[in-house]
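In: Please work out how this folds:
(chains A and B)
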Number of protein chains: 2
Amino acid sequence: MKQKQKVVVLVSGGMDSVTALYEADLKYHVVYGISFNYGAKHNSREIPFAAYHCRKLGIRHEVISLDFIARLFKSDLLETGGKIPEGHYEELTMKQTVVPFRNGIMMSIVAGFAESVGATGLVIAAHSGDHAIYPDCREDFMISMGEAIRLGTYVQVEVIRPFITMSKAEIAKRGLELGVDFSQTWSCYKGANLHCGKCGTCVERREAFILAKIKDPTAYEEIVPLPDKPTG
Amino acid sequence: MKQKQKVVVLVSGGMDSVTALYEADLKYHVVYGISFNYGAKHNSREIPFAAYHCRKLGIRHEVISLDFIARLFKSDLLETGGKIPEGHYEELTMKQTVVPFRNGIMMSIVAGFAESVGATGLVIAAHSGDHAIYPDCREDFMISMGEAIRLGTYVQVEVIRPFITMSKAEIAKRGLELGVDFSQTWSCYKGANLHCGKCGTCVERREAFILAKIKDPTAYEEIVPLPDKPTG
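Out: Below you'll find the model as predicted:
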């Protein structure tokens, strides 16, 4: 039997990356799940869910602390930043939540780590709905970054994006098939006791379950009508 | 008068990056010099020199700690690794000193930091002699990484490599013109009290001064004949 490719999975504890972990666990030999604590308001809420799912699947889990981000970078996503805006991602205010080059930094670290532990792949849950407001989510960035990682490592570490053609609702459906318990995942950027239901990532989470026709297991602080998607 | 471009310089405290700092200080507005403490044996010897030159030029200096590298990565360059090999870089043993994807990780972090502090360029002292044994020093990696950084940041952060066509000896000559005091720079991977004179980076340092016909101001632990360059 052909040996499965060894991979490391970026798993934040959100619904996409947790589903990617289950998906990767089917197809690859997942040697580690990696979470980053970079001083975001919601890190302390999401990382325990990443740990929970790794434990459930028997996958080693490692948390990498990037203390310097909260100290030196500017973003309202961070403990050191301002309030999390509410409404759709597409709105200009959500730009405040960008952590500059966050995906580039995380992917670079996981690439080096993968090579250190004998893995040849890095799995990231990037999907087709990822946001144009985040330059380091865009397709052209991902392709160049994948090239840089392939060329910059001895074993030519491959960036694997299993959900690249899928929407968040399709990922939710796939998660359900894979047996993911979405009540054990975290999205809300505010990082309070409950999901707020109103910030960009809560709005997106609620919409994904509605579009996927899946019962949303999330306890929201407040259920307000979903805002209309801004046009153009 | 045209305003100078704001840049952040990667400055380890070695002779190349210190010269790059002086070079950048002429041409750009250097908003920060950044050093990384990633648990390498020589970090504690080189970083004080980076701080020294930033102070001398009136440039803010920041040290970013990457604790996870010594904890999770494998390399003899690290405190957690084995002995530093001696002889020329080209030799196979020097491969043990590779820290997987180190340049990718450092460049990603500095790219995000640059965007956070309003800089649009990142200066790195990569040069033509950088080693084929390090995949993340090669030209094709640097080009893809530069693309990823440009595409993954709002302000399209530019990777600036002032020494890309120069040899280490040419950098030494340029440093002399710029008034760099090379006695206040550190190369040796062993990180002891004096430069060992025998490891790959000491051999390279000694050769650079000889080829540049510059008096080598370094106090070496032992002056042994320089090894012949391996052919092929």
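
In: Partner strands of the longest strand along chain A, with direction?
Out: Longest strand in chain A, counting residues (DSSP state E): strand A:29-37. Note on strand A:29-37: by DSSP bridges, its sheet partners are strand A:6-10 (parallel), strand A:61-65 (parallel).

In: any idea of the mean pLDDT for it?
Out: Mean pLDDT, strand A:29-37: 98.

In: With only the CA atoms kept, save that strand in PDB.
Out: Presented in PDB, the C-alpha positions along strand A:29-37 are these (Å, rounded to 0.1, in the frame of the first residue of the first chain):
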ATOM      1  CA  HIS A  29      -1.000  11.300   7.400                       C
ATOM      2  CA  VAL A  30      -1.500  14.400   9.600                       C
ATOM      3  CA  VAL A  31       1.600  14.600  11.800                       C
ATOM      4  CA  TYR A  32       0.600  17.900  13.500                       C
ATOM      5  CA  GLY A  33      -2.100  20.400  13.800                       C
ATOM      6  CA  ILE A  34      -0.700  23.900  14.400                       C
ATOM      7  CA  SER A  35      -2.500  26.900  16.000                       C
ATOM      8  CA  PHE A  36      -1.100  30.300  16.400                       C
ATOM      9  CA  ASN A  37      -1.600  32.600  19.400                       C
END
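
In: Now render the strands paired with strand A:29-37 as JSON lines, adding mean pLDDT, distance to B:L78 and mean neighbour count.
Out: For every residue, glycine as well, the C-beta is placed using N, CA and C. Below are these laid out as JSON lines (pLDDT from 0 to 100; distance: least, Cβ to Cβ, whole Å; neighbours: other Cβ atoms under 10 Å in any protein chain shown):
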{"stretch": "strand A:6-10", "mean pLDDT": "98", "distance to B:L78": "19", "mean neighbour count": "25"}
{"stretch": "strand A:61-65", "mean pLDDT": "98", "distance to B:L78": "16", "mean neighbour count": "17"}
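
In: Quick check: which ranges of chain A have low pLDDT?
Out: A:1, A:89-92, A:132, A:229-232 (pLDDT under 70).

In: Just the helices from it, written as ranges.
Out: Remark: helices assigned in chain A by DSSP state H are A:15-27, A:43-57, A:67-72, A:102-116, A:139-151, A:168-178, A:200-211.

In: can you tell me if the third one touches chain B.
Out: Right, helix A:67-72. Yes. Judged by Cβ under 8 Å from any Cβ of the partner chain, helix A:67-72 and chain B are in contact via A:67-69, A:72.

In: ok so, going back, show me what the longest strand of chain A is in contact with.
Out: Residues outside strand A:29-37 that contact it (Cβ atoms under 8 Å, 6 or more residues apart in numbering or on different chains): A:3-13, A:21, A:24, A:43-44, A:46-47, A:50-51, A:53-54, A:57, A:59-66, A:106, A:109-110, A:113, A:117-119, A:123.

In: Restricted to buried residues, select the residues you listed in PyMOL.
Out: A single PyMOL command selects the buried members of the contacts of strand A:29-37 (16 or more other Cβ atoms under 10 Å in any protein chain shown):
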select buried, chain A and resi 6+7+8+9+10+11+12+13+21+24+43+46+47+50+51+53+54+59+61+62+64+65+66+106+109+110+113+117+119+123
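
In: one step back: wait, which of the strands paired with strand A:29-37 is closest to A:E139?
Out: strand A:6-10 (17.5 Å; Cβ to Cβ).

In: relative to helix A:102-116, how tilted is the closest one?
Out: 150 degrees (axes from the mean of the first three to the mean of the last three Cα atoms, to 10 degrees).

In: Give me the angle between strand A:6-10 and helix A:15-27.
Out: Going by the same axes, to 10 degrees, strand A:6-10 makes 170 degrees with helix A:15-27.

In: now strand A:6-10, how far from the centre of its chain.
Out: Distance of strand A:6-10 from its chain centroid, counting by Cα atoms, centre = their mean, to the nearest Å, is 13 Å.

In: Same check on stretch A:69-77?
Out: Worked out by Cα atoms, centre = their mean, stretch A:69-77 lies 18 Å from the chain centre.
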